[in-house]
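> generate a structure from the sequence data that follows.
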Amino acid sequence: MPTNIITYLACICFIFLFGKIFIVPIKKVLKLILNSILGGVVIFLINLIGANFGFHIGLNIFTSIVIGLLGLPGAVCLIIIKLLIG
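Purely as a prediction, here's the structure:
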């Protein structure tokens, strides 16, 4: 009987450790995906406002991830790069 309790406790500890090891990378990947989607929305808004001035940033996975990783400074960097390169 005591060995069953010890076995159950060991399994519960293993499940918690296993979950802890894999939940952190999953959280980071989900955060990157969410930020990339928000980056796509920001690029869309920049293009919507920039259409009045003839300004356009391509909406692709690269630009979306740049804004997703860097946030607002990433959007500013893309705008500056677009203005410099043309």
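> what residue lies at the spatial centre of the protein?
What sits nearest the mean C-alpha location of the chain, by CA atoms, centre = their mean, is Leu32, with 1.4 Å.
> once you drop chain neighbours, what's closest to that residue?
Gly68 (6.1 Å; CB to CB, 6 or more residues apart in numbering). Where you see a C-beta, it was placed from the backbone N, CA and C, and this is true even at glycine.
> for Ile46, same thing?
Ile46 sits nearest to Ile57 (CB to CB, 6+ apart), 5.7 Å away.
> check Val66 too.
In space, Val66 is closest to Gly74, 4.7 Å off (CB to CB, 6+ apart).
> which other helices and strands contact whatever helix or strand the one you found lives in?
Assigned by DSSP states H and E, Gly74 belongs to helix 72-85. Judged by 3 or more CB pairs under 8 Å, 6 or more residues apart in numbering; DSSP states H and E, helix 72-85 is in contact with helix 2-50, helix 61-70.
> give me the distance between the first one and the centre of its chain.
In terms of CA atoms, centre = their mean, to the nearest Å, the centre of helix 2-50 is found 11 Å from the chain centre.
> got it, and the last one?
Computed by CA atoms, centre = their mean, the separation of helix 61-70 from the middle of its chain amounts to 8 Å.
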